[in-house]
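Visitor: Okay, sequence plus prediction incoming.
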Amino acid sequence: KMTIPRAILRSARWHTHLVDRGVLSVHGPDARKLLNGLCTADVMAHDTAQGAQLTAFLNAQGRLQTGALLAYGDEVALIDVERAALPALLKLLKRYKLRSNAHITDRSDELAVVATSATVDEPQMRLGRSGCGLWRDPRLPYLGWRGILPRADAEKMHIAGSVCAPSSLYDLQLLLLGIPNRQMDTPAAEALPLESNLDLLGGVSFDKGCYLGQELTARTFFRGVTRKRLLPVLRQPLAEAEATAAADVEALSALPTAERLLAARLPRGLDGELLLSGAVPPAAELNALTDKAGQLAGKLRVLDASAGLGLALCRLDALGGELATAAGEQFVPLRPSWWPDYIEAHADVARPRA
């Protein structure tokens with residue numbers, strides 16, 4: 001089991017080393033062109049002065065292989081990716097490299113990924129020619145700064161007025177917001193990019209040319225129907241629990257009110273520490289979620305059993321109700337407050353066209 005000490009929870013400014021992330025380097029004149037044909041983001045149109053961009057790599061059937069963040073330098077792209085997904089992504093890039101003038105290298109031993117709370121002042125380490133540095137997280141403003149640094153710098157990272165927090169605090173922040181972070185959240189060869197909210201987070205371009213797995217993604221978008229999405233679920237007793245004092249979740253003060261209140265309901269230890277066990281997939285026979293009519297309404301992807309908080313792929317019309325597992329555990333599906341207004345309980349509401 002893991003805990004986040006009360007002293008950390010009461011610190012509005014914090015930073016952390018994301019030890020479960022790795023870094024791939026694609027270097028050469030054709031680096032961006034190669035990536036543009038393999039990922040969902042428009043790499044060629046991206047203004048590198050704006051920092052990094054979110055993307056996803058799909059298989060030929062349009063299913064997710066992994067999500068990633070791309071940072072750019074001079075003729076180099078650094079890929080911030082989960083370590084568990086790195087070998088498969090490296091294999092994919094090398095398979096499609098063909099005659100591209102680009103070199104692909106695993107640089108995880110020399111480079112590391114870091115993140116800070118959104119309340120930290122703008123760091124001095126901005127993106128450089130090597131692609132290393134810190135940038136505003138491109139997904140949501142609540143997520144603060146993210147970066148790739150030489151490993152030695154990451155391990156001794158110091159920001160004035162900021163405390164060094166465990167990476168579990170950053171993971172909790174993503175869980176509260178319903179943002180996928182690992183392959184467990186979006187299983188490879190199973191999850192779809194739109195159901196995983198990558199379109200809402202700016203990770204999918206619908207204007208660029210062809211890329212691997214594009215057909216299913218584009219067809220789903222232009223039909224205007226996404227009936228299921230990944231969202232947070234909370235164990236029923238916690239949904240009715242009273243929130244702790246706001247000062248005890250100051251570390252999450254940059255989050256929207258709904259997510260801060262959600263964090264304040266999570267179980268605490270005797271010293272005010274937040275009790276976590278890590279979000280992991282439930283047993284296969286317990287991942288189905290059914291509504292009160294006994295109809296399948298979703299699938300529990302991961303659950304932190306100590307916190308009572310997880311991520312589930314749910315039908316949007318299940319919002320506002322209660323869902324149950326085969327073991328009888330009750331969960332409440334939650335609509336993330338950052339979702340745009342057009343996502344309602346009825347999935348057939350078409351999204352706005354540009």
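Guide: Structure's in. What do you need?
Visitor: how about the helices in the stretch 251-354 of the chain?
Guide: Per DSSP state H, counting those that start in this stretch, the stretch 251-354 of the chain carries helices over the ranges 257-264.
Visitor: ditto for the chain
Guide: 6-9, 31-36, 86-97, 151-155, 167-177, 214-223, 236-239, 257-264 (DSSP state H).
Visitor: List the buried residues in the longest one.
Guide: Same thing as helix 86-97. Counting neighbours by 16 or more other CB atoms under 10 Å, one finds that the buried residues in helix 86-97 are 86, 88-90, 92-93, 97. C-beta coordinates here come from the backbone N, C-alpha and C atoms, glycine included.
Visitor: Between the residues you listed, which sits nearest Leu169?
Guide: Ranked by distance to Leu169 (CB to CB), the buried residues of helix 86-97 are led by Leu86 at 23.3 Å.
Visitor: Can I get the worst-scoring helix or strand of the chain on mean pLDDT as CSV, trimmed to CA atoms?
Guide: None of the helices or strands of the chain scores lower by mean pLDDT, DSSP states H and E than helix 236-239, at a mean of 75. The C-alpha coordinates for helix 236-239 follow below in CSV (Å, rounded to 0.1, in the frame of the first residue of the first chain):
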residue,chain,number,x,y,z
GLN,A,236,-20.9,4.2,-3.6
PRO,A,237,-20.3,4.8,0.2
LEU,A,238,-17.6,7.4,-0.7
ALA,A,239,-20.0,9.3,-3.0
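Visitor: list the helices and strands it packs on?
Guide: Contacts defined by 3 or more CB pairs under 8 Å, 6 or more residues apart in numbering; DSSP states H and E place helix 236-239 against strand 330-333.
Visitor: Sheet partners, orientation included, of the strand it packs on?
Guide: Applying DSSP bridges to the sheet, strand 330-333 is found paired with strand 228-235 (antiparallel), strand 323-324 (antiparallel).
Visitor: Please identify which of these is closest to Ala284.
Guide: strand 323-324 (16.6 Å).
Visitor: just to revisit the earlier point, tell me the most buried of the helices of the chain?
Guide: helix 167-177 (a mean of 22; mean count of other CB atoms under 10 Å).
Visitor: which residues touch Asp304?
Guide: 175, 276-280, 310 (CB atoms under 8 Å, 6 or more residues apart in numbering).
Visitor: for Leu143, same thing?
Guide: Contacts of Leu143 (CB under 8 Å, 6+ apart): 115, 118, 137, 173-174, 179.
Visitor: Can I get those residues in JSON lines including distance to Gly298?
Guide: Formatted as JSON lines, these follow (distance: CB to CB, whole Å):
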{"residue": "Ala115", "distance to Gly298": "29"}
{"residue": "Ala118", "distance to Gly298": "30"}
{"residue": "Asp137", "distance to Gly298": "27"}
{"residue": "Gln173", "distance to Gly298": "23"}
{"residue": "Leu174", "distance to Gly298": "19"}
{"residue": "Ile179", "distance to Gly298": "17"}
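Visitor: Low-confidence regions, this structure specifically.
Guide: The chain contains residues with pLDDT under 70 at 1, 124-129, 239-247, 345-354.
Visitor: most distant residue from the middle of it?
Guide: Distance from the C-alpha centroid of the chain, by CA atoms, centre = their mean, peaks at Arg99 (32.6 Å).
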